[in-house]
Structures are given as C-alpha cells and as structure tokens.
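Asks: task: produce atomic coordinates for the following.
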Amino acid sequence: MFYRSSILKRIAIINRFFPVHNSIPKQGFYRSLRVLSSPDGQYSAAHTTKQSSYLESIHEKTASLFSNSHQMVSSVQGTFLKFLVQMSKATRVLEIGTFTGYSALCMAEGLKGRGSEAKVVTLEKNIEHFKVAKENIESSGLGHLIELKLGDAIDT
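Replies: Residues are numbered from 1 along each chain as shown. Here you go, the predicted structure:
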C-alpha cells in the first residue's frame, strides 16, 4: 500500500493533476503520455482499477480525434479523480475546462449513489469542445450527475 501511495504522490507532483493550459510543456511531448511511459506510470496503469468500457472509448476517441488531446487527463489520473471524489465524500464538484467531458465523467462516477444533490458542474468556453462533451455526457448514462455550461468561467 505504501508503494502505491508513493507512486500516486509522484504522479501528482509530475502532472499537478489539475493541469493548467499555459503550463503545458512546449517541447512536443504530452503530459499524460509522459506519466505512462515512466516505470512508475507503467506500474500504475497495470495495477489501477480498470475503467468502464465507455470511459475507455471516450479516452481513445479524444486521443485520436484531437491534436490537443494533451489537455485530457490520463486514464490513471481519471481513475484517481474518481477515487478522490469517492474518498472526500464530495457532493458538488466544479471543473473549469471540460474539453470532451472525460474527467467530468470520471468524477461523476465517483458521485454515484450520493443522492439528488450530487453534481459535477463543468464549464467550457470552446463551442466545438462543448458539443463533443455534451454528446459524450448525454450518451454516458451519467448525464443526470453533470451540469455542462458554455462560456467563460468568470461569466458562468
């Protein structure tokens, strides 16, 4: 257990779990791929609880369709986000920057069974990303747990 927690701490430090767009390295490598290419990242990916097939398909679809897929969290980080929501017993989550809805869906899975007050509020200002996220969220079966808003975070 200690070894796993030290790996998660290293992953959190390397990736800062809640990436800021302006902090993305410009050297041409993708942050989520960097984690999974390290020995610790490979171990984490091999020993992390597998995600639902729907989440896996969204992750793969986003990675293949979007040139800026580096904005998306890795599957290990998505599982960790779900874990954080579950362990914190959160009932409300705010996400700024929805992209394709993958991380919002991960966190919504962590909210399952928390009652009618449980909700992920996620904000997206890019209309194209908003449309893809809306489609992904509506077809997921978790749409009742996610409120998707279009516009600048300061305005919404």
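
Asks: so where's the chain uncertain?
Replies: Residue ranges of the chain with pLDDT under 70: 1-37.

Asks: now with 80, please.
Replies: Counting by pLDDT under 80, the ranges of the chain that qualify are 1-42, 44-45.

Asks: that one: strands as residue ranges?
Replies: 92-96, 119-124, 146-150 (DSSP state E).

Asks: now those in JSON lines, with mean neighbour count and distance to L55?
Replies: In short, each C-beta sits where N, CA and C put it, glycine included. As requested, those are exported to JSON lines (neighbours: other Cβ atoms under 10 Å; distance: least, Cβ to Cβ, whole Å):
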{"stretch": "strand 92-96", "mean neighbour count": "16", "distance to L55": "15"}
{"stretch": "strand 119-124", "mean neighbour count": "22", "distance to L55": "14"}
{"stretch": "strand 146-150", "mean neighbour count": "18", "distance to L55": "13"}
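
Asks: which of the residues in stretch 68-78 are buried?
Replies: By neighbour count with 16 or more other Cβ atoms under 10 Å, stretch 68-78 contains the buried residues S69, H70, Q71, M72, V73, S74, S75, V76, Q77, G78.

Asks: nearest to T48, of these?
Replies: Set against T48, the nearest of these by Cβ to Cβ is V76 (5.3 Å).

Asks: give me the number of neighbouring residues for the closest residue to that closest one other than its chain neighbours.
Replies: Of all residues not flanking V76 in the chain, S44 sits nearest, at 4.9 Å (Cβ to Cβ, 6 or more residues apart in numbering). By other Cβ atoms under 10 Å, 23 other residues sit near S44.

Asks: S44 is in contact with S75, isn't it?
Replies: No. With contact defined as Cβ atoms under 8 Å, S44 does not reach S75; the gap is 9.7 Å.

Asks: need the contact list for T100.
Replies: By Cβ atoms under 8 Å, 6 or more residues apart in numbering, the residues touching T100 are I58, K61, T62, F66, M72, H129, V132, A133, N136.

Asks: show me where the chain has its helices.
Replies: 2-15, 31-37, 39-47, 53-65, 75-88, 102-111, 127-138 (DSSP state H).

Asks: need the ones you listed in CSV (columns: distance to V121).
Replies: Listed next are those as CSV, based on distance: least, Cβ to Cβ, whole Å:
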stretch, distance to V121
helix 2-15, 23
helix 31-37, 24
helix 39-47, 28
helix 53-65, 19
helix 75-88, 13
helix 102-111, 9
helix 127-138, 12
